[in-house]
Every structure is written in C-alpha cells, then in structure tokens.
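> Okay, here's the prediction I keep looking at, along with the sequence it came from:
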Amino acid sequence: MGWRMIQAGMAILSVQSQLVDGALGNSAAGFILARLGHEVWPLPSILLSHNPALGKAGGGPIDDGLLSSVIAGLGEHGSFARCSMVMSGYLGDAACVTVVLEAVARARTAGPDCLFLCDPVMGDHGSAYVSEALIGAFCTMLVPQADIITPNPFELGVLAGGVPRDRREAFAALESLRRRIALVTGFSGADTPAGQLDILMVLEGQRYRVGVRRYEATISGAGDAFAAFFVASLLDHRRRMPLGAAAPIALGFAAAASAVLIDATVASGRGQLAIIESQAVWGADLAFVAAQQCRLN
C-alpha cells in the first residue's frame, strides 16, 4: 500500500463525542483524519463506554471547566499556531458551546486562515435529541461563527426555519445561512430519485449535488465519518488551490469514501462503522474517487 506525504506541522482540533468501544464522533473522525495524513487533537465533549443506541452506556459529559482548561493550556503552549481547522460535532450540553467558541477565537487569532467546521448535531428523523438551550446556541452562536456547516435535513430545517421539500428549497435553505460552505447530507426530497439520497452543497454562489445510494438501515456515525473525509480532502487540496476549487473535490471524495465505508459496514453486520476493515480502500491512493464527481446543479 502506498502512502502520501502531507504537509507537516498543521493540526485539526476535533471537539465531539468519544466512545471506548465503537465508532462515533472522535472515535470515527480521529482515525479517519490521522489515516489520511493529518495530525488530530481529539477533545471529547462526552465520553461513553459504547454507542447508547446499542444499549445503556456508561460515562457522561466532560466538565466544561476541564475542557476550558485544556483549551487554555493549548493557547499558553502556542499550539494554536499549528491549528488549521477546528471541528465540532456532538456537544451534548450548551455549556460546551463556550469552549468551542474559545478554541475558535484562539485558533483564528494565532492563524487567520484557520477554518471552523460546525456539524450542528441536534437531532434526526424529525425530532431533536438535545436540549432547547443547545439548539438555541447552535442557531445564534456556533453556526454564525462557522466557515463550514454540515447539517442533516432535520438540522437544516431547524436552522433555516422549515424542512425543505425538494432540492430547490434545500439549496435555498443552505444559501440563507450565509456560510462560506454549507452542505446537507442524506437529503431526500420530492425530486430525489427512488433508492437514492442527495448531498447538496452551496459555495461561492454555486450549487453542487452528489447522488448516493440509500440504505434501509440507519448507520450510526456516518455523518461524523463524512465530515472527517471532507475535512481531510479539503485541507489537503487547499494547500495547492483556493478553497472554492478544493471544496468540490472534497465533496466528491467524501461521498465516494463514505460509500466504501457504508458498504463495508452493512456487509459486516456488526452495527457499527467498519472503519478499520475498509481502510485499505478509502485510505489508499484514492484514484477511484475520480469517478465520483459532484455535479454543478
């Protein structure tokens, strides 16, 4: 298996959930980002024994005071000068929002080119599973500060004030949020073909779409993995081209790599992402991704 030389010295701070046994949040994203050549600083917002969807889990949220202390320590050490991206995923508690914003502020001060990707994890399938306080904080504090947002259809509806019914409404909802890059994963509208889902992205006045296979099973952690694939490719290509040129490539890669991962997960029958088992494909030279181009809508 070949390997790629990645620019040394730049890092990604990832603030999201972490499992001891399983692949959600940092337990999925951390390995993917590192496997694709990036230094990762995983900061858990919540630490659990396993995926709670598979049964009662032990553990719980990490104290926000402890998290703030870690961010302060990174700042005092000068670490943020090497931070190229801050990612946030499942936070669990509104108190964690100020920790993320402090990290973003420190990273942008140390390096103005640092990007902030916010996955506004609030709920799915028509219902919320976080507090109203955290939903409000996403809408008024985190998303307005983000360069990149990656909501699912339910979360896009919360942010934009209504669930979109077709691609046109989904693109309009993404554009209304006025972020540098806004994309929605797993969208199914009136004009989405049967057996498929859409991934839609808006960027610099352009609209992009990738069609992907629809699976009957719910794949926990698929959104966390997609965001990691997207970030890994985006940062890699951003070294050589403008953000506007790098993002469509990253979208195509993330869709193709996610398809490989989900196929392997379904085939395994284990109920959690088969990240290790499928890495020989999505972690290789990835020439296969050239066939999965996103379309200008």
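Happy to help now that I have it.

> The helix or strand hosting residue 260 - contacts with which helices or strands?
Assigned by DSSP states H and E, residue 260 falls within helix 243-268. With contacts defined as 3 or more C-beta pairs under 8 Å, 6 or more residues apart in numbering; DSSP states H and E, the packing partners of helix 243-268 are strand 181-187, strand 196-203, strand 206-213, helix 222-238, helix 275-282. No exception for glycine: its C-beta is placed from N, CA and C like everyone else's.

> any idea how far residue 112 lies from residue 105?
12 Å (C-beta to C-beta, to the nearest Å).

> Neighbour count for those two, which is higher?
residue 105 (16 against 7; other C-beta atoms under 10 Å).

> State the pLDDT value of the residue nearest the centre of the chain.
Most central in the chain under C-alpha atoms, centre = their mean is residue 227, positioned 2.7 Å from the mean C-alpha point. With respect to pLDDT, residue 227 scores 96.

> got a list of what residue 127 touches?
Going by C-beta atoms under 8 Å, 6 or more residues apart in numbering, residue 127 touches residue 154.

> pLDDT wise, what is the closest residue to residue 281 other than its chain neighbours at?
Using C-beta to C-beta, 6 or more residues apart in numbering and skipping residues adjacent in sequence, the residue nearest residue 281 is residue 260, 4.9 Å away. If you check residue 260, the pLDDT there is 90.

> Where among the helices and strands packed on helix 243-268 is average confidence lowest?
What stands lowest among the helices and strands packed on helix 243-268, in mean pLDDT terms, is helix 275-282, with a mean of 88.

> Same question for it: list its buried residues.
Under the neighbour-count criterion of 16 or more other C-beta atoms under 10 Å, helix 275-282 has 275, 278-279, 282 buried.

> For that helix, which helices and strands make contact with it?
Judged by 3+ C-beta pairs under 8 Å, 6+ apart, the packing partners of helix 275-282 are helix 26-35, helix 243-268.

> Sheet-wise, list the partners of the very next helix or strand once past the shortest one with their directions.
Next helix or strand after helix 26-35 toward the C-terminus (DSSP H and E): strand 39-50. For strand 39-50, the paired strands and their directions (DSSP bridges) read strand 11-21 (parallel), strand 59-61 (antiparallel).

> So what's the residue count around residue 131?
By other C-beta under 10 Å, the residues close to residue 131 number 13.

> Apologies, that question was intended for residue 244.
Using other C-beta under 10 Å, the number of residues around residue 244 comes to 13.

> ok so, going back, just say which of the helices and strands packed on helix 275-282 is most tucked in.
Highest mean neighbour count among the helices and strands packed on helix 275-282 (mean count of other C-beta atoms under 10 Å): helix 26-35, with a mean of 24.

> which helices and strands sit right next to that one?
strand 11-21, strand 39-50, helix 222-238, helix 275-282.

> Report the mean confidence score over that helix.
In this model, helix 26-35 carries a mean pLDDT of 94.

> now the angle from that helix to helix 222-238?
Counting by axes from the mean of the first three to the mean of the last three C-alpha atoms, to 10 degrees, helix 26-35 lies at 20 degrees to helix 222-238.

> re earlier: quick one: the residue nearest to the centre of the chain from residue 268, how far?
According to C-beta to C-beta, residue 227 stands 22 Å off from residue 268.
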